[in-house]
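[1] give me the fold of what follows.
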Amino acid sequence: MILLNNISWMGWNVILALIPPIFGWLLFITRQKVLKVVFALIWFLFLPNTLYLITDLPHIIWQWHQMHHAGQIVLALQYITLVLIGLITFLLALYPVEKALLRSSWLKKKSLVSLFLLL
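    Prediction:
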């Protein structure tokens, strides 16, 4: 039951984590300034959902003791997958925005792009 329950809430969190990479790429490929602003805002608002997946790790502690050995292996794989998806979606969300900033005339000093993204 725990493993099936995890699939539902983990699935929802993964869907939310996919929003920033999608809108990051939309930001990169669009040429219309209004759409760029809208896509950047959506990207910015949903970016925390990517790394938020890592904060779900404490759930494994109380679930671990309720599972038998085979279930613990599947449970560990669920959480490893969740963390990897969080890290990958975060990187995939940053990459197109970095490329868009490097390409834009908005940021004059291209050396500040990395600093801007870190902030």
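[2] list the contacts for the residue nearest the centre of the chain?
    In the chain, the centroid-proximal residue (CA atoms, centre = their mean) is Thr50; its distance is 2.2 Å. By CB atoms under 8 Å, 6 or more residues apart in numbering, the contact set of Thr50 is 17, 20-21, 86-87, 89-90, 93. In short, each C-beta sits where N, CA and C put it, glycine included.
[3] helix or strand for it, which one?
    helix 48-52 (DSSP states H and E).
[4] C-terminal to that helix, what's the next element?
    helix 59-64.
[5] buried ones in stretch 53-60?
    By neighbour count with 16 or more other CB atoms under 10 Å, stretch 53-60 contains the buried residues 53, 56, 59-60.
[6] tell me the mean pLDDT over it?
    In this model, stretch 53-60 has an average pLDDT of 87.
[7] how far does it stretch from one end to the other?
    The first and last residues of stretch 53-60 sit 13 Å apart, counting by CA to CA, to the nearest Å.
[8] with stretch 23-40 instead?
    Calculated as CA to CA, the first-to-last residue distance of stretch 23-40 is 7 Å.
[9] what's it in contact with?
    42-43, 46, 92-97, 99-100.
[10] done for today, thanks.
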